[in-house]
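Undergrad: coordinates for the following, if possible.
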Amino acid sequence: MGESVLLLSHGLFASLAPPRIIQTMNAMSDTSKQGSALPKAPICVPAWRSTVLVLVIGSAACYALPEQLGLLARIFVTALLVLSLDLVVGVAGLATLGHAAMFGIGAYAAGNFALHVVPDPLIGLVIGMASGAALAFLSGLFLLRYEGFTFLMLTVAVSQIMLSLAQKARDWTGGDDGLSGFMNSPLLGRFAFDLEGKVAAGYSLAVLVVLFYVARRVVDSPFGLAVRGVHENRARMAALGTPVFRRLLAMYSLAGMFAGAAGALSAQTNAVVGLDSLSFALSAEILVMLVLGGIGSLNGALIGATVFTLLHHTASSINPYHWLFVVGFLLMAVVLVSPTKAIALLRRRMGGAK
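TA: Residues are numbered from 1 along each chain as shown. Predicted structure coming up:
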């Protein structure tokens, strides 16, 4: 099962990723033969406009679907996790299948902090973010010295090491039973987490909106453009004097911080943390979500997470034993007909109709 998921994820990534990303995975040593490394400044909607749009859509969903607030909270948390992956894959051009490690350590850190220290959700969120960033920074010091498929497999190794440590540290993780028994104090001292999920959904949406805005500003900043330049042509950017390793390490650490925030939110809104938060399957799933929504746009991360989570929820409610068949069929369709290909085909058909 693990090998098939790995092959499927690698195939999806190679099938739908832009050519530059494929070069990052398989032929970074040949980048010196390519053209200019400096990316053109992206033509994009201002950060505040896209952020307001996310806020409006999320708020409207919470208002229109009060009976599905738990599902919406899960969508917001998943969207934040996929957004963090897009910073690594889409912006920095680093193929990874171990991103769940940062999510899991953020979840366990927030859960243990609430259980043993202070159950304040905002402080727990900061602890989760710091834990994810620390793991990304420390592992990045080693991982980012490698490129392409070697980097990909090393990220898997780090994730599996973290999973193995979590299985053995039962006093801190609960082992196979998971970490539970912790409760959060009221948010800002006023809003208690309720069974209906109102506070959980609003809290998750607020964190997603804030970090989405931060991500947009970072990606559109000179630092973000420099990282995109490294993605396009690492050798040329190094020749121009760009500190490539430090730029990638900074972006990788930022993505780890975002993933840790998603893990902390997951722990706080579910009041339980399981070993699946560190699993390879989760890393593969969020990569599929990113490919589904579109790599490198940030907005696509939110779209892919929403579509996949809704599909998972709908298919599993119809048949909890065979929902993977529906998801597998969707993934085949995504591989065979990418969004770019579909739009191009539609334009050709419309042109022919004229």
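
Undergrad: in this protein, where's the longest helix?
TA: For the chain, the helix with the greatest residue count under DSSP state H is helix 244-270.

Undergrad: ok now it, how far from the chain's centre?
TA: 9 Å (C-alpha atoms, centre = their mean, to the nearest Å).

Undergrad: following element in sequence after it, please.
TA: strand 272-273 (DSSP states H and E).

Undergrad: residues in contact with that following strand?
TA: 104, 107-108, 111, 173-174, 178-180, 266-267 (C-beta atoms under 8 Å, 6 or more residues apart in numbering). Backbone N, C-alpha and C define where each C-beta goes, glycine included.

Undergrad: one more: stretch 52-61?
TA: Residues outside stretch 52-61 that contact it (C-beta under 8 Å, 6+ apart) are 72, 76, 205, 208-209, 212, 302.

Undergrad: for these, pick the one with the most neighbours.
TA: Within these, most neighbours by other C-beta atoms under 10 Å means Phe76, with 31 neighbours.

Undergrad: which ones are touching that one?
TA: 58, 201, 204-205, 207-208, 265.

Undergrad: let me know the pLDDT of it.
TA: Looking at Phe76, its pLDDT is 95.

Undergrad: and if you look at Ala17?
TA: On the pLDDT scale, Ala17 gets 42.

Undergrad: now do the helices in the stretch 201-350 of the chain.
TA: 222-232, 234-239, 244-270, 280-293, 299-318, 323-336, 339-353 (DSSP state H, counting those that start in this stretch).

Undergrad: indicate which one of the ones you listed is closest to Gln68.
TA: helix 299-318 (8.8 Å; C-beta to C-beta).

Undergrad: starting at the chain centroid, how far to that closest one?
TA: Using C-alpha atoms, centre = their mean, the offset of helix 299-318 from its chain centre is 14 Å.

Undergrad: can I get it as CSV, trimmed to CA atoms?
TA: Output of helix 299-318 as CSV, limited to C-alpha atoms (Å, rounded to 0.1, in the frame of the first residue of the first chain):
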residue,chain,number,x,y,z
ASN,A,299,-5.2,29.9,-3.9
GLY,A,300,-5.1,26.4,-5.5
ALA,A,301,-4.0,24.9,-2.1
LEU,A,302,-7.3,26.1,-0.5
ILE,A,303,-9.4,24.9,-3.5
GLY,A,304,-7.7,21.5,-3.6
ALA,A,305,-8.1,21.0,0.2
THR,A,306,-11.8,22.0,0.0
VAL,A,307,-12.6,19.7,-2.9
PHE,A,308,-10.8,16.7,-1.6
THR,A,309,-12.2,17.0,1.9
LEU,A,310,-15.7,17.4,0.7
LEU,A,311,-15.3,14.5,-1.7
HIS,A,312,-13.9,12.4,1.2
HIS,A,313,-16.8,13.3,3.5
THR,A,314,-19.4,12.7,0.8
ALA,A,315,-18.0,9.4,-0.5
SER,A,316,-17.3,8.0,3.0
SER,A,317,-20.8,8.9,4.2
ILE,A,318,-22.3,7.0,1.2
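
Undergrad: tell me the mean pLDDT over it?
TA: Taken as a whole, helix 299-318 carries a mean pLDDT of 86.

Undergrad: stretch 110-117 too?
TA: pLDDT averaged over stretch 110-117 gives 91.

Undergrad: buried sites along it?
TA: With burial defined by 16 or more other C-beta atoms under 10 Å, the residues of stretch 110-117 counted as buried are 110-115.
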